[in-house]
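Student: with the input below, show me the fold.
(2 chains)
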Amino acid sequence: MTTSSSELELFRDTVRKFLADKVEPHYEKWEKAGIFPKELYLQLGEAGLLCVDQPEEYGGIGAPFEFSCVIVEEVARMGFLALASNLTVHSDIAAPYILHLGSEAQKRKYLPRMASGECIGAIGMTEPGAGSDLQGMKTSATPDGDDYLINGSKTFITNGQHAGVVVLATKTDPKAGAKGTTLFTVDTSLPGFKRGRNLDKIGLHAADTSELFFDNLRIGKDEVLGRLGGGFGHLIDELPRERLVLAVSAVAHAQGALEKTIEYVTTRKAFGQPIAAFQNTRFELAKIKTDIEVHRAYMEKCTALYAEGKMDVPTAAMIKLATTEMEGRVTDACLQLFGGYGYMTEYPISRYFIDARIQRIYGGTSEIMKEVIARALVGR
Amino acid sequence: MTAAQPIEAELTAWRDTVRRFLADEVAPHYEKWEKAGILPRELYLKLGAAGLLCVDAPDEYGGSGAPLEFAFAIHEESARLGYMSLCSNMMMHSDIVAPYILHLGSEAQRRKYLPRMASGECFGALAMTEPGAGSDLQAIRTTATPDGDGWRLNGSKIFITNGQHCGVVIVAAKTDPKAGARGTSLFLVDADLPGFKRGRNLDKIGMHAADTSELFFDNVPLAPDSLLGRTGGGFGHLIDELPRERLMLAVAAVAHAEGALERTVEYVTTRKAFGAPVASFQNTRFELAKIKTDIEIHRAYYEKCRALYAQGKLGVTEAAIIKLATSEMEGRVVDACLQLFGGYGYMSEYPISRYWTDARIQRIYGGSNEIMKEVIARSLVGR
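Tutor: You can find the predicted model right below:
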């Protein structure tokens, strides 16, 4: 927290400039293609925008956590939520798992190449039959000599098409329930790894989301990430950061939607006057602004708590629940103020709306957040 | 509405016919059409051959002179199954454009268009909205300037449902630019006239198969008999037809919400999480209960309005209330339903995702809900 705010603002400018030069001109094309080009990750790496809070020895720049948040904020604010989502999974979820849990060899193997954009990270938790219910996962890692053989499948995997490494949740002891869960770093060049379809979604089009298949994939013990059987605990340890980063994107995304809406209602006329002159518009904007600001305050408080290592699981659940629900309300209300244009793909506000819908679902659904919060209040 | 019993039986049989048509001719292809961003022209011919277009138009004009409920049943079934694009295009054709011609057209105009509309050979569109005039119809800039016995049409329209396939478009144009609302007239414009140009099929976030286009008119020559209704009477005609249009949107909204609930019930009773069906969790049960209640009270109001309309008594205010209320309900319901599908709800291959994206336009078109509120407020406190 010693960073001066001027450094942070300087960095914000760098991010904005990168987005204006390298992302904005191509974003619609990528949305249509349903995926980002691999080169974008290399460009991001070269610009120093990947894994920024990783230590320098592993290719990062050792920046405070806020710098990583600034990237997500700017990307989300501009309405590039598919990119925000892919970057978050790579820099703020996959990389921290490896940094926090990996052996020195794993860190050296993956992190520098993740910071450069050569190796893209994904998290393989969700399975077709086990969404929110992680204990229901069936992907198995069976000991075989000095190695493990991994079998099973995962779904809804962000970065699945491009991933060079997958932090994979498996069952090493199917009888031990949660305690039988183990994480692996899976190099996707290994035989037995197969990428499924890039799933067609209603929004977040450029964020590739895939099924992944593991067919007798042989992997060494040195790729176990963290403790054998400790997977479930590791997942829970990392969830606060994941949820906080989603909250950062939710607030910034709502803020961006408001900015685009203000621009529209002050220029678009109806019945001989700017739409902004109508009381309904003014009151809607006021409600939206208020909704954003109270959530921003809670987000900032949580960011500070996280930086001090003090953010607990229920707090992370509250910030994720509250901000994504707010984002849903805000993007819906903003779209409405655009009238028919709001439904047209060429108006970015339409994308804010469809992209925002997934935020109440992934990273733990709002229902799971409520359960987590309720447990803290009244137990199981 | 007197012979309730026989009509009920006939209506049930009719509903089966509609369902069978949708199962045979629509379900196998719908995803492909959504990807293509348009419905094939042949579909309209098939709909016509099956007697599903303009069903309440009189026999002499190619319809089957059926009571209005039969037209409603078509939209209910297609919306319930989640084919909102189809529902919207058919509604525009059969229940907006055809009634305009039936109610306002001369005998010659009716004979020229209605039989070919009922057969699906000629598809109808309604062109009111302009780039600079959405809800504000008085700001229309398209002009029809007198030229000999007829007019010359110039201007452009946007967000025109059926714009790509239409054979005839009812165009709202200014015949007297100085007369404000009273200077607006309606014209039947054939799409093969010189100077008529279709613009892009606009890319939307949902309703993908419902083609939505810009239309351009560059000095299009309009014959004397192309005027629909009275000169300068366009605004009044539009207002006269709005209750039916808004009631239709309400039918679709209620049925669409019901369809979303049916799909959700199916999903939550089969999908398991934490070792139990999703339907066994209290949150799921209470959400479903709220959704069902929300639908039922709106269905009751819709049925009441439908009966009023059949008696010629549905007023502008009630039409605004039903459109506002049902489309807002639909938005709430599809959002809550999608949520119960978890991650699958966001995937295009799960139809619930389409219920959600399609529903979003219902609060906007046919008069945005802000306009509905203004209409309702006027009835309470004046202008």
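
Student: CA atoms for contacts and neighbours, from now on please.
Tutor: Noted.

Student: does chain A sit close to the one helix or strand B:Pro243 maps to?
Tutor: Using DSSP states H and E, B:Pro243 sits within helix B:234-270. No - on the criterion C-alpha under 8 Å from any C-alpha of the partner chain, helix B:234-270 is out of touch with chain A, staying 11.5 Å away.

Student: measure A:Ser4 to chain B for me?
Tutor: The spacing between A:Ser4 and chain B, counted by C-alpha to the nearest C-alpha, to the nearest Å, is 40 Å.

Student: burial count for that residue?
Tutor: By the criterion of other C-alpha atoms under 10 Å in any protein chain shown, A:Ser4 has 8 neighbours.

Student: likewise for the one 3 residues further on?
Tutor: The number of residues packed near A:Glu7 is 11, by other C-alpha under 10 Å.

Student: just the one 5 residues further on next, same as before
Tutor: Other residues lying near A:Arg12 total 17 when counted by other C-alpha under 10 Å.

Student: show me the contacts for it.
Tutor: Residues in contact with A:Arg12 (C-alpha atoms under 8 Å, 6 or more residues apart in numbering or on different chains) are A:Val70, A:Ile71, A:Glu74.

Student: host element of the last one?
Tutor: Put plainly, it is A:Glu74. If you go by DSSP H and E, A:Glu74 is part of helix A:65-77.

Student: ok, back up a step: and the contacts of A:Arg12, which are buried?
Tutor: A:Val70, A:Ile71, A:Glu74 (16 or more other C-alpha atoms under 10 Å in any protein chain shown).

Student: that older thread, from the contacts of A:Arg12, which is closest to A:Val224?
Tutor: Closest approach between the contacts of A:Arg12 and A:Val224, by C-alpha to C-alpha: A:Ile71, at 30.1 Å.

Student: the closest residue to chain B within the stretch 251-380 of chain A and B:Gly163, how far apart?
Tutor: Of the residues in the stretch 251-380 of chain A, the one nearest chain B is A:Met344, at a distance of 4.3 Å by C-alpha to the nearest C-alpha. Between A:Met344 and B:Gly163 the distance is 15 Å, computed by C-alpha to C-alpha, to the nearest Å.

Student: quick one: which of the two has more around it?
Tutor: Between A:Met344 and B:Gly163, counted using other C-alpha under 10 Å, B:Gly163 has the larger neighbour count: 30 against 21.

Student: go ahead and confirm that one touches B:Ala210.
Tutor: No - taking contacts as C-alpha atoms under 8 Å, B:Gly163 lies outside contact range of B:Ala210: 9.4 Å.

Student: what is the subsequent helix or strand relative to the helix holding A:Glu74?
Tutor: According to DSSP H and E, the helix or strand after helix A:65-77 is helix A:81-87.

Student: following the chain past that next one, name the next helix or strand.
Tutor: On the C-terminal side of helix A:81-87, the closest following helix or strand by DSSP H and E is helix A:95-101.

Student: mind listing what's buried along that next one?
Tutor: For helix A:95-101, by 16+ other C-alpha under 10 Å, it's A:Ala95, A:Pro96, A:Tyr97, A:Ile98, A:Leu99, A:Leu101.

Student: quick one: the residue of the stretch 251-380 of chain A closest to chain B and B:Met207 touch, right?
Tutor: No - contact criterion C-alpha under 8 Å: A:Met344 and B:Met207 do not qualify, at 10.5 Å.

Student: which residues touch B:Ala260?
Tutor: Counted by C-alpha under 8 Å, 6+ apart, B:Ala260 has contacts B:Arg80, B:Gly82, B:Val333, B:Val334, B:Cys337, B:Ile352, B:Tyr355.

Student: nearest spatial neighbour of the residue in chain B sticking out farthest from the centre, chain-adjacent residues omitted?
Tutor: What lies farthest from the middle of chain B is B:Gly275; by C-alpha atoms, centre = their mean that is 43.1 Å. Using C-alpha to C-alpha, 6 or more residues apart in numbering or on different chains and skipping the chain neighbours, the partner closest in space to B:Gly275 is A:Gly136 (7.9 Å).

Student: burial of the one you found, as a residue count?
Tutor: Neighbourhood size, A:Gly136 [other C-alpha under 10 Å]: 19.

Student: which residues does B:Leu11 contact?
Tutor: Going by C-alpha under 8 Å, 6+ apart, B:Leu11 touches B:Glu69, B:Phe70, B:Ala73.

Student: for A:Arg195, give its distance to B:Glu31.
Tutor: According to C-alpha to C-alpha, A:Arg195 stands 24 Å off from B:Glu31.

Student: still on that earlier bit, now the helix holding A:Glu74, how far from the chain's geometric center?
Tutor: 11 Å (C-alpha atoms, centre = their mean, to the nearest Å).

Student: for stretch A:337-352, same thing?
Tutor: On C-alpha atoms, centre = their mean, the centre of stretch A:337-352 falls 24 Å from the chain's centre.

Student: in it, what counts as buried?
Tutor: The neighbour-count check on stretch A:337-352 (16+ other C-alpha under 10 Å) flags A:337-345, A:347-352 as buried.
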